[in-house]
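[1] have a look at this fold, sequence not included:
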Ligand SMILES: Nc1ncnc2c1ncn2[C@@H]1O[C@H](COP(=O)(O)OP(=O)(O)OP(=O)(O)O)[C@@H](O)[C@H]1O
């Protein structure tokens, strides 16, 4: 049985691996340092055998020898031996672990941690040994999948544990069935306390060691490159959780059979989503669907998932439909104004809040805002995005009743989604980013390119920045010599102009270049730092040449089309000129030279002679005919 107390024996009867070269000085230094996490003497830990090897290290079944005057006991424990880190980073990692340990020890539904140790210079997390995992259970069942009722039951237990970690600011980032443990009562326990998050920013000595912030099959798009597509948010766990639920429901791992590069290509580049099986209660299907939104701001939080799972737990399928679905209703996947229902649930208005009309995402500020500025004076249903609020607008006597989803809170002049710039540029990241949240006390969370996590500070450190929108044309500013991301050039070496195709949650622009013809696998998009680009518009392009050059940026076909039109016009002009010249020649001939029999000069009935036109040599060259005349 897992975690049992083994009878005291002077010499443990099991074999364990002996490691050479333990960093004695490191152990002594760490053991004597002021850590609140229990230090476990490596001499008291006997590794028995390795249970598994994951991207973040090996898992060992071990025995922990505890001896006092009253007892002498051996406990079975699980030891997660992390990948080695450079010696100078050990202290930083242990400080992080200390913080994590204090936050998550004793949370119901999360694996119990005993302490840490160091074996062969590798940090070891010592935790309770459980019966097995949901992954193991699936492997034993024919078809490898569990019933919907079991999935929802386990899902609820796990979501509760994850929610508690989230409440303490911990992102798990490695949710998967093999990390969902089962205790002796059959309860699902979260077996991962956020090791990827712990390792964030700690350089690993070997480039071969997985640099990924999670397990590829379960990783959200931003998890692959958090400093480029991030920041890492709580909603990254919604993606991983949904991947795990799909796997438990279907018995098939997301992106099964694909290599790491292929998964990256599907999830990050092509923005594909794992397939959701049919036949689920609509609210469960809806929340899972929401978990796979590319923009994490539109994903549900763990609390939303928990709510849906709880409400659907007792659902029964009969007569072609689901009954007993609790209080959750399935609304349209988006709120109709471009924001997902999950997005709108993230901020709750209160009486006294300053509000304004919410502009559609990626749209220029509405010119005719219904509510440019107002104060909330009453709430009809404060927890629901379908509710209404009463707002007082300056100059209007009676309060207006407005749908809550059409309003956004403005605090200290800022609202979530605004483009902001740091007043003091710290050079470590882009100075321009997107505001994610602003509390009523002015504390803010901002996504900046170059940061893996949110920048946290005060609204007084920010100023409004120029906004960018999907569909705008942009080019690198003239003073940018080496851009943060690769940027294509035009034929003559000038930077190309591109069109914003998508805006990531940290303000990173995904730009397409419709003016460039690309072939095969050649990448047609680039990333751009909003601080390095400027908007190009037809109106503001000075002079005809620049205007024409901007026209070429709209589509690569503009140039060939204009050449064709030019050639066609030249032909037309040539024909007309030819006719004119012919007529004047004929007139001259009429007046001075007698015509031979059957010859006509008016071009009406002399066979092909009327098609004889004169071309200047340059046009004739393009057409492939001899200069002078052609048919
Ligand atoms: N505390 C534990 N008690 C019992 N079994 C465990 C415990 N922790 C993990 N396991 C089981 O051990 C196996 C290996 O775990 P390990 O954590 O090494 O692999 P992983 O989850 O694939 O990798 P990683 O967590 O590094 O991504 C898993 O299948 C898991 O079910």
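    Looks like it came in fine. Computed from a predicted model, the values in this text were never measured in an experiment.
[2] and the residue of the stretch 401-550 of the chain that's closest to the ligand?
    Per CB to the nearest ligand atom, residue 452 is where the stretch 401-550 of the chain lies closest to the ligand, at 18.7 Å. Every residue, glycine included, has its C-beta placed from N, CA and C.
[3] before we move on, which element is that residue in?
    Using DSSP states H and E, residue 452 sits within no helix or strand.
[4] phi, psi for it please.
    When read as degrees, to the nearest 10, the backbone of residue 452 gives phi -80, psi -20.
[5] what about it, neighbour count?
    19 (other CB atoms under 10 Å).
[6] next: residue 306.
    A count of neighbours around residue 306, defined by other CB under 10 Å, yields 20.
[7] ok, back up a step: if I look at the residue of the stretch 401-550 of the chain closest to the ligand, how far off is residue 78?
    When distance is defined by CB to CB, to the nearest Å, residue 452 is 28 Å away from residue 78.
[8] residue 541 too?
    Distance, residue 541 to residue 78, using CB to CB: 65 Å.
[9] who has more neighbours, those two?
    The neighbour comparison of residue 541 against residue 78 (other CB under 10 Å) goes to residue 78, with 22 against 18.
[10] look up phi and psi at the residue of the chain found nearest the ligand.
    The minimum distance from the chain to the ligand, using CB to the nearest ligand atom, falls at residue 54 (1.7 Å). Torsion angles at residue 54 (phi, psi; degrees, to the nearest 10) stand at phi -110, psi 180.
[11] number of residues surrounding it?
    Counted with other CB under 10 Å, the neighbours of residue 54 add up to 17.
[12] is it in a bridge, and if so with what?
    residue 57 (DSSP bridges).
[13] shouldn't residue 79 be in contact with residue 47?
    Yes: the pair formed by residue 79 and residue 47 meets the contact definition of CB atoms under 8 Å, at 6.5 Å.
[14] now do the shared contacts for the two.
    60-62, 119 (CB atoms under 8 Å, 6 or more residues apart in numbering).
[15] nearest to residue 222 among those?
    If you rank the shared contacts of residue 79 and residue 47 by distance to residue 222 using CB to CB, residue 60 comes first, at 32.2 Å.
[16] so that closest one belongs to a strand, correct?
    Yes: the assignment for residue 60 (DSSP: H, G, I helix; E, B strand; the rest coil) places it in a strand.
[17] so which residues on the chain come close to the ligand?
    Contact residues, the chain versus the ligand (CB under 6 Å from any ligand atom): 51-57, 59, 78, 111, 127-130, 133, 135-136, 174, 178-179, 181, 191-192, 215.
[18] ok, which stretches of the stretch 501-631 of the chain are strands?
    Counting by DSSP state E, counting those that start in this stretch, the stretch 501-631 of the chain has strands at residues 509-512, 525-528, 533-536.
[19] now the stretch 151-300 of the chain
    Using DSSP E, counting those that start in this stretch, the strands of the stretch 151-300 of the chain run over residues 180-182, 188-190.
[20] ok, back up a step: residue 79 and residue 47 - which one has more neighbours?
    Taking neighbours as other CB under 10 Å, residue 79 and residue 47 compare with residue 79 leading, 28 against 21.
[21] so which strand or helix has the more buried one?
    strand 72-82.
[22] which neighbours in the sheet does that strand have, and how are they oriented?
    Assessed with DSSP bridges, strand 72-82 is paired to strand 5-6 (antiparallel), strand 57-67 (antiparallel), strand 122-128 (antiparallel).
[23] ranking the ones you listed by burial, who's on top?
    Mean neighbour count (mean count of other CB atoms under 10 Å) peaks for strand 122-128 among these, with a mean of 22.
[24] what is the mean pLDDT for that one?
    If you average the pLDDT over strand 122-128, you get 92.
[25] show residues contacting that strand.
    Here strand 122-128 makes contact (CB under 8 Å, 6+ apart) with 2-3, 40, 42, 45, 57, 62, 64, 77-85, 90, 93-94, 97, 111-118, 193, 195.
[26] who's in contact with the residue nearest the centre of the chain?
    For the chain, residue 222 is the residue whose C-alpha lies nearest the centre (CA atoms, centre = their mean; 3.5 Å). Residue 222 sits next to 229-233, 236, 296, 504-505 when contact means CB under 8 Å, 6+ apart.
[27] pick out the lowest-pLDDT one from those.
    Ranked by pLDDT, those bottom out at residue 230, which has 87.
[28] now list the buried members of the residues of the chain next to the ligand.
    Buried members of the residues of the chain next to the ligand, counted by 16 or more other CB atoms under 10 Å: 54-57, 59, 78, 111, 127-130, 133, 135, 174, 178-179, 181, 191-192, 215.
[29] so what are the domain limits for this structure?
    According to the TED database, the chain comprises the domains 42-128, 132-319, 349-464, 468-550.
[30] will you turn the strands of the stretch 501-631 of the chain into a markdown table that also has mean pLDDT?
    Formatted as a markdown table, the strands of the stretch 501-631 of the chain follow (pLDDT from 0 to 100):
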| stretch | mean pLDDT |
| --- | --- |
| strand 509-512 | 94 |
| strand 525-528 | 93 |
| strand 533-536 | 92 |
